[in-house]
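1. just a sequence and a predicted model for now, questions to come.
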Amino acid sequence: MTKPLYPFTFEPIFKERIWGGTKLRDYLNKSISSEITGESWELSTVPNDVSVVNNGILKGKNLNELIDQFPEEILGKEVYSRFGKQFPLLFKYLDAREDLSIQLHPNDELAKARHNSFGKTEMWYVMHADKGARLIIGFKEDTNQADYLSHLKNKSLLTILNEIPVKKGDVFLLETGTVHAIGGGILLAEIQQTSDITYRVYDWDRVDSNGKGRELHTELALEAINFQTVSAKKEYTTIENKTISVVDCPYFKTNIIELNGEIPIHTNKDSFTVLMCTDGNLELYLNDEKYVYKAGDTVLIPAVLTSFLLKGKATLLEITV
């Protein structure tokens with residue numbers, strides 16, 4: 001008897017954030033729980049936030065249970081040999097109604113020593129940007145710890161940081177140690193290592209309803225910061241019904257597919273595939289079964305399923321390890 005594996009979708013895990021809004025509902029039809037929902041975790045094995053299957057015969061099982069039962073079939077040979085039964089990536093949609101804090105993430109070595117965690121290399125795909133929206137990524141010029149701390153103390157940090165205007169379709173890869181913030185008015189897809197470690201260095205002096213500011217991690221951040229300038233934006237040109245590579249880093253590979261008609265997809269058994277539908281609608285055909293998806297859906301395709309057909313008009317991120 002063949003094992004009952006098929007393309008999985010999961011219940012989104014919503015996160016209220018001080019900077020969140022309603023675009024996850026307004027643009028992606030997510031049934032969000034509040035007017036300040038900042039994140040929809042689509043695919044996660046972060047402790048206490050493990051994704052639960054919401055389709056097919058394995059509905060109700062969580063991702064860790066699936067991997068425990070079918071490790072190599074789901075993860076793929078290479079991923080399983082590298083990470084064991086640990087799912088190495090975290091997939092989210094983010095809605096920034098206001099600016100996020102200025103922050104950074106530690107690398108693998110530091111995160112392992114301090115938090116017994118992966119580091120957090122991440123990428124962003126901009127799905128919507130209000131007029132004038134921008135990201136903050138890295139420094140305008142190479143700097144050093146003393147200058148950085150002086151600007152932090154004087155609340156002039158923004159004067160030395162690099163602000164980048166953005167539009168729909170822009171892609172950025174953020175290496176660990178890069179100081180960054182998502183600006184208000186941006187909806188994006190985020191692909192990252194499985195980690196929830198963030199060092200917040202400035203939060204715009206915001207306070208909650210009790211007059212309390214969020215915790216800052218000034219000291220922890222110092223050893224983790226890259227004080228050199230970075231080149232984070234990834235340039236690419238889409239071709240209809242072609243798989244276009246936009247990010248290829250040690251932790252994940254991301255392609256963009258501008259689907260208009262149909263495209264057959266053939267993979268190997270080394271890695272699972274995740275599809276994030278950022279725009280439009282599509283159908284996936286596999287073994288005489290049809291699966292239907294829309295903007296805001298995220299699909300995990302087990303590594304053992306190596307051949308399928310996509311039909312429709314949609315923009316897709318295709319991610320493997």
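-> Okay, I see it.
2. got the phi and psi for residue 26?
-> Geometry field for residue 26 lists phi and psi as phi -70, psi -30, criterion degrees, to the nearest 10.
3. what is the neighbour count of it?
-> 13 (other C-beta atoms under 10 Å). To be clear about C-beta, it is placed using only N, CA and C from the backbone, and glycine gets the same treatment.
4. go on, the one 5 residues further on?
-> Other residues within reach of residue 31, judged by other C-beta under 10 Å, total 9.
5. then residue 140?
-> 11.
6. quick one, strands of the stretch 51-200 of the chain?
-> The residue ranges that make up the strands of the stretch 51-200 of the chain, judged by DSSP state E, counting those that start in this stretch, are 89-96, 102-104, 122-129, 134-139, 161-165, 171-174, 180-182, 186-193, 199-202.
7. so which of the ones you listed is nearest residue 21?
-> When the strands of the stretch 51-200 of the chain are compared for distance to residue 21 using C-beta to C-beta, the nearest one is strand 89-96, at 5.0 Å.
8. quick one: buried residues of the closest one?
-> Taking 16 or more other C-beta atoms under 10 Å as the neighbour-count basis, strand 89-96 is seen to contain the buried residues 89-96.
9. show me what it is packed up against.
-> In terms of contacts (3 or more C-beta pairs under 8 Å, 6 or more residues apart in numbering; DSSP states H and E), strand 89-96 is packed against strand 13-21, helix 23-26, strand 37-43, strand 186-193, strand 273-286.
10. could you rerun that using 7 Å?
-> Here strand 89-96 touches strand 13-21, helix 23-26, strand 37-43, strand 186-193, going by 3 or more C-beta pairs under 7 Å, 6 or more residues apart in numbering; DSSP states H and E.
11. of these, which is nearest residue 149?
-> Comparison of these against residue 149 by C-beta to C-beta identifies strand 13-21 as nearest, at 24.9 Å.
12. check the offset of that closest one from the chain's centre.
-> Relative to its parent chain, strand 13-21 has a centroid offset of 15 Å by C-alpha atoms, centre = their mean, to the nearest Å.
13. stretch 257-265 now?
-> Between the mean C-alpha location of stretch 257-265 and the chain-wide mean there is a distance of 22 Å, by C-alpha atoms, centre = their mean.
14. buried stuff in that stretch?
-> For stretch 257-265, a neighbour-count test (16+ other C-beta under 10 Å) marks 257-259, 263, 265 as buried.
15. same deal with stretch 228-247?
-> Applying a neighbour-count criterion of 16+ other C-beta under 10 Å, the buried positions in stretch 228-247 are 230, 232, 234, 246-247.
16. if we can go back for a sec, let's have the helices and strands packed on strand 89-96 in TSV, adding distance to residue 62 and mean pLDDT.
-> Supplementary listing: those in TSV, determined by distance: least, C-beta to C-beta, whole Å; pLDDT from 0 to 100:
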stretch	distance to residue 62	mean pLDDT
strand 13-21	11	96
helix 23-26	22	98
strand 37-43	11	98
strand 186-193	20	98
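17. got TSV for the ones you listed, with distance to residue 169 too?
-> What follows is the helices and strands packed on strand 89-96, written out as TSV (distance: least, C-beta to C-beta, whole Å):
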stretch	distance to residue 169
strand 13-21	21
helix 23-26	16
strand 37-43	20
strand 186-193	11
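18. what residues are up against residue 135?
-> For residue 135, the residues meeting the contact criterion (C-beta atoms under 7 Å, 6 or more residues apart in numbering) are 164, 166, 172, 182-183.
19. let's see it at 8 Å
-> 124, 163-164, 166, 172, 180-183, 186 (C-beta atoms under 8 Å, 6 or more residues apart in numbering).
20. over to residue 42?
-> Under the criterion of C-beta under 8 Å, 6+ apart, the neighbours of residue 42 are 10, 12, 51, 91-93, 276, 298.
21. one step back: go through the buried residues of stretch 228-247 and name the one nearest residue 147.
-> Each of the buried residues of stretch 228-247 was scored against residue 147 by C-beta to C-beta, and residue 230 proved nearest at 16.8 Å.
22. my read: the closest one touches residue 178, true?
-> Yes - using C-beta atoms under 8 Å, residue 230 is in contact with residue 178, at 5.4 Å.
23. rewinding a little: of the contacts of residue 135, closest to residue 23?
-> residue 186 (8.8 Å).
24. measure that closest one to residue 135 for me?
-> Using C-beta to C-beta, to the nearest Å, we find residue 186 at a distance of 7 Å from residue 135.
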